[in-house]
Every structure is written in C-alpha cells, then in structure tokens.
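Asks: Quick one: sequence and predicted model below, then my questions.
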Amino acid sequence: MHYLDHAATTPVSRETAEVMVRVMTEEYGNPSAQYELGRRAKTLVDQCRKTVAGALGCRPEQFTFTSCGTEGDNWAIRAALHQNRRVGRHIVTTAVEHSAVLRCVKHLEQEGYSVTYVKPDSAGRISTGQIAAALREDTALVSVMLVNNETGVRFPVEEIGGLLKDRAALLHTDAVQGFLKVPFTAEKLGADYITISAHKIGGPKGIGGQYAGGKAKNILPVLYGGGQESGLRPGTEATAQMAGFAKAVELRIGNREEVARRLADCRAYAVERLAEIEGLVFVGAGDAPHILSISLPGYPSQNIVGELGEQGIYISAGSACHRGKASHVLTAMGLDKRTAAGTVRVSFGPETVREDIDALVKALGEHKRKRFPML
Ligand code: PLP
C-alpha cells in the first residue's frame, strides 16, 4: 500500500494508540468524579490541554477541546456572530474555504446574513487587500483559512489580523491543515478564533480544538449541559481522544525537524519525479509542505483515483469531502475545465517514503498510456 492522502487523514502511531488504550482500560474515570480515579482523569485532561495549547502557542484556558474541526469551524462562526450581533450581519470569507465553513455561512445566508466570498487568483492566492476591500461597517466576522486543503496555499492570516486589530469584526481561521505543518503561534496569528483537528497530525479522529482569544469574549457555548470545558463545550470529556491528541502533538513536536526534513524531501522528490510525466501540470502555488495538487488535463480525476486505488495507491480527487463533484476551489481559481477535471491531490506525512512517490509516478504514467485523453 502507498498512502498518499495525509491531508484527508493520517495514521495513528502504535505509541499514540497504546496511550489511548491505557486511558480507556485503566484511566477510565470520569474527570468530574470526586474519587482518585476521577481526579487522575481530570489531571490527564489538564495535561492534554496544556500540551495542545502549548503547541498552538496559547494559554490552556484559551483552548477548548471539540469533537472535530467541523464543530470548531461552525462554533467559531456562530460565537463570533453572536458576540458581534450589534455590529451587523455581514460576513467576509473566501470562496475556497472547507465546506465546514462554506456550508455554515451558506446556511446563515438563509437566516438573513450577507456573505462576501473573496475569490483567489489563478495560483489560489488571496491577498489582504482583497479582504480589506470586502470589509463593511457592518462586517461582524472574517473567516479565512490558514492553509487550503486542496492546493496547500497559505493565506496571509497575520496580515488580516493586523487589518482587523482596531475594528469590531472578529477573525476566525480554520487552521486544520496548517497546525504543525506551517509555523505559526496563536499570539502572532492575531486571529480571535483558531480551529484545529487531531486526525490531520497523527491523532485520532473525533477530537479537535478551538483557540479563543484576542477580541473574543462572552463566548457562546457550542452546547448546553454540564460544566465541562468551562461550560463552553459540555459533555463528559473524551479522555482517550484527548490523550491521543496530546501524544500525537508531542511526537510531532519532539521530531519537528526530522518531520520537516522528511516532508521537504518528499515534496522536492515528488515535484522532480512528477515533472517527468509529459503534460502533467502543477496546480496552485502550494506553500504547505504536505500538499501537492497536480493535474493530467483531459484525464478525469475520478478515473485516476479509482485506478490507482485498485493498485493500493491512495490519493484523492481534490478534497476528500467533495467526492465526484467539481471542486469549488479549482472553479474559484478559474482553472479551465479540462485541467480542473484532471486534478488530484497528493499529500504526504512523516511516514511517506520515496518508494511511495515512485509507485505514484509509475502508475500515473501507465494510466496516461492506457487511456485516451478526453477533449
Ligand atoms: N477544515 C479543513 C481545512 C479540513 O481540511 C478539514 C478536514 O478535511 C476540516 C476543516 C474538517 O475537520 P474534521 O474532519 O476534523 O471535521
């Protein structure tokens, strides 16, 4: 098997899984319980929060565990709009956000909000000037992702944070593809809400996190219930997931340089080898070390993904969340139909080796030889 879909999700290491099993089978107390087992679970939750918040560059009390990135995105948007309900009902976002943001704001349009969708250039970039031009007196929220999940392009969130510093509009950034992939800290980013997810960095699925700081205040809870997570995200804590998230963070941070070196090597090697395929084009100015968007114009991506999948080479057609549909990201970038239809996303992790890339290049070459291009 050659797994080249790390932007969709990542494998959990045995070490991380073992920590989770130990929490489930031995340290299974409810953190709210008053006895020793419960107190130990509470300590574990506090430690996990400290670890993940530390990696995000914020204080533990600014960090809340959520169930996933999708929940965090939805929550941040709702909470920001609630706080700024007297400022207005205008939202600025980009046309290339993940559907966790796009579907949420689309729904809000039905509730009477107006939304400006800023479009990227043909390389997938968005400028601070475009965001500035979209702002209005009644803009309550700006939501701009840190790293695009299809192209790997990094957006200028720090600059946008500077732009909004003295304005009422709150800034949310979906950093699900950026966390521990591109360098940033919550403080320097200047966003009021930052959303992350564990399963993109070697952690388990079903757990994410939310930073709330800066201008964020009187935060609207995501749910109502017990007092867990300072009452912001009640529900009995998912202690094993939290422990898995924290362990994955520790492992990534402990091996940070090694991981960065491996990813850079993989990317450089993939770019060099893929360039050997005649007609292959690189899509977007990908900055993130783990994402490469490529196209074989005229060769539909679902055929490529299907055929490679049968050979145990796993890549995706754009975002894993948009199976079969034309990618809104590529459409917004103004890519011609043939190139957009032939675009696939290859994404790496610390486990990726050169043999994975060799297998990919060989299979893509064979696919091209076997199939006739569509006009
Ligand atoms: N945001 C981005 C940019 C993503 O890539 C993803 C997952 O693919 C999400 C949000 C959703 O995260 P989760 O799968 O944890 O809900």
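Replies: Structure's in. What do you need?

Asks: Show me what residue of the stretch 51-200 of the chain gets nearest to the ligand.
Replies: Nearest residue of the stretch 51-200 of the chain to the ligand (C-beta to the nearest ligand atom) works out as Gly69 at 2.6 Å. Any C-beta I mention is one placed from the backbone N, CA and C, and that applies to glycine too.

Asks: can you tell me which residues contact the spatially closest residue to that residue that is not a sequence neighbour?
Replies: Distances taken as C-beta to C-beta, 6 or more residues apart in numbering place Ser197 nearest to Gly69, at 3.4 Å, with adjacent residues excluded. Applying C-beta atoms under 8 Å, 6 or more residues apart in numbering, we find Ser197 in contact with Cys68, Gly69, Gly72, Val176, Phe179, Ile207, Gly208, Gly209.

Asks: In space, what's closest to the residue most central in space within the chain - neighbours in sequence excluded?
Replies: With distances taken as C-alpha atoms, centre = their mean, the residue of the chain nearest its centroid is Val176 (2.3 Å). Ranked by C-beta to C-beta, 6+ apart and with sequence neighbours excluded, the top spatial neighbour of Val176 is Gly69, at 4.1 Å.

Asks: about what we covered before: thinking the residue nearest to the centre of the chain is in contact with Thr195, fair?
Replies: Yes - counting by C-beta atoms under 8 Å, Thr195 is a contact partner of Val176 at 6.2 Å.

Asks: Residues that sit against both of those two, list them.
Replies: Gly69, Gly208.

Asks: Any regions of the stretch 1-150 of the chain where pLDDT drops low?
Replies: For the stretch 1-150 of the chain, applying pLDDT under 70 flags no range at all.

Asks: how about the residues of it near the ligand?
Replies: Cys68, Gly69, Thr70, Asp73, His98, Ala100, Met145, Asn149 (C-beta under 6 Å from any ligand atom).

Asks: Could you work out the most separated pair of those?
Replies: Spatial extent of these (C-beta to C-beta) is set by the pair Cys68 and Met145 at 15.5 Å.

Asks: what are the ranges of the strands in the stretch 101-250 of the chain?
Replies: 114-118, 139-143, 170-174, 193-197, 208-212 (DSSP state E, counting those that start in this stretch).

Asks: buried stuff in the helix or strand hosting Leu364?
Replies: If you go by DSSP states H and E, Leu364 is part of helix 354-370. Within helix 354-370, the residues scored as buried using 16 or more other C-beta atoms under 10 Å are Asp356, Ile357, Ala359, Leu360, Val361, Ala363, Leu364, His367, Lys368.

Asks: still on that earlier bit, residues touching the residue nearest to Val176, list them.
Replies: So Gly69 contacts His98, Ala100, Asp174, Val176, Thr195, Ile196, Ser197, Lys200, Gly208 (C-beta under 8 Å, 6+ apart).

Asks: helix/strand/coil for the second one?
Replies: Using DSSP: H, G, I helix; E, B strand; the rest coil, the three-state assignment for Ala100 comes out as helix.

Asks: Hmm, Trp75 and it touching each other?
Replies: No - under the criterion of C-beta under 8 Å, Ala100 makes no contact with Trp75, lying 10.2 Å away.

Asks: who has more neighbours, these two?
Replies: Trp75 (26 against 21; other C-beta atoms under 10 Å).

Asks: What are the neighbouring residues in contact with that one?
Replies: Thr66, Gln210, Leu220, Val222, Arg233.

Asks: And for Gly209?
Replies: Gly209 touches Val52, Leu56, Phe63, Thr64, Phe65, Thr66, Gly72, Thr195, Ile196, Ser197, Ala198, Phe245, counting by C-beta under 8 Å, 6+ apart.
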